[in-house]
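S.K.: I would like the atomic coordinates for the input below:
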Amino acid sequence: MPNKIAVIGDKDTVLAFKAVGVEVFDATTPEQAANMLRKLCQGQYAVVLIAENLAEQIPDALARAKTQPYPAVVPIPTTAVSSGFGLQGIKSDVEKAIGVDIIFNKEEK
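M.R.: This next block holds a predicted model:
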């Protein structure tokens, strides 16, 4: 069973994660992020955090990663202003799993 956590993003975003022992992977372009995500999905990672600004630009790679049980791929806000992409993805996944919007308290119709 996978047991590691990784983070993909620019150096400013991933620096704090390195300090707490998370494996970090530098990516500044969508192509680098997509390639790294593909590689990490084949390894021993239970969770892959990815910078929100990169995640927005690689929807196909994210969709492929979400078809596998591991790793859980979670977009995270960066040092720039958050667009809300990460929260919207989590909200969508929760709604799909349980049929209820527990984040904004709205039931699916």
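S.K.: please make it C-alpha for all contacts and neighbour counts, starting now.
M.R.: Fine.
S.K.: what's around Arg64, how many residues?
M.R.: The local packing count at Arg64 equals 12, with neighbours defined by other CA atoms under 10 Å.
S.K.: tell me the helix or strand right after the strand or helix carrying it.
M.R.: The secondary structure element spanning Arg64 is helix 59-65 (assigned by DSSP states H and E). Tracing the chain C-terminally past helix 59-65 and defining elements by DSSP H and E, one meets strand 72-76 next.
S.K.: and the contacts of the strand or helix carrying Val24?
M.R.: Element membership of Val24 [criterion: DSSP H and E] is strand 23-26. Strand 23-26 is touched from outside by 4-11, 14-15, 17-18, 36, with contacts defined as CA atoms under 8 Å, 6 or more residues apart in numbering.
S.K.: can you give me the strands in this structure?
M.R.: Assignment of strands within the chain using DSSP state E yields the ranges 4-9, 23-26, 45-51, 72-76, 100-101, 106-107.
S.K.: now tabulate these in TSV and tack on distance to Leu62, mean neighbour count and mean pLDDT.
M.R.: As requested, the strands of the chain are exported to TSV (distance: least, CA to CA, whole Å; neighbours: other CA atoms under 10 Å; pLDDT from 0 to 100):
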stretch	distance to Leu62	mean neighbour count	mean pLDDT
strand 4-9	13	23	94
strand 23-26	16	19	95
strand 45-51	10	22	92
strand 72-76	8	21	88
strand 100-101	21	17	58
strand 106-107	25	10	50
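S.K.: okay if I get the ones you listed as TSV plus distance to Lys66?
M.R.: Below are the strands of the chain laid out as TSV (distance: least, CA to CA, whole Å):
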stretch	distance to Lys66
strand 4-9	16
strand 23-26	19
strand 45-51	11
strand 72-76	7
strand 100-101	19
strand 106-107	23
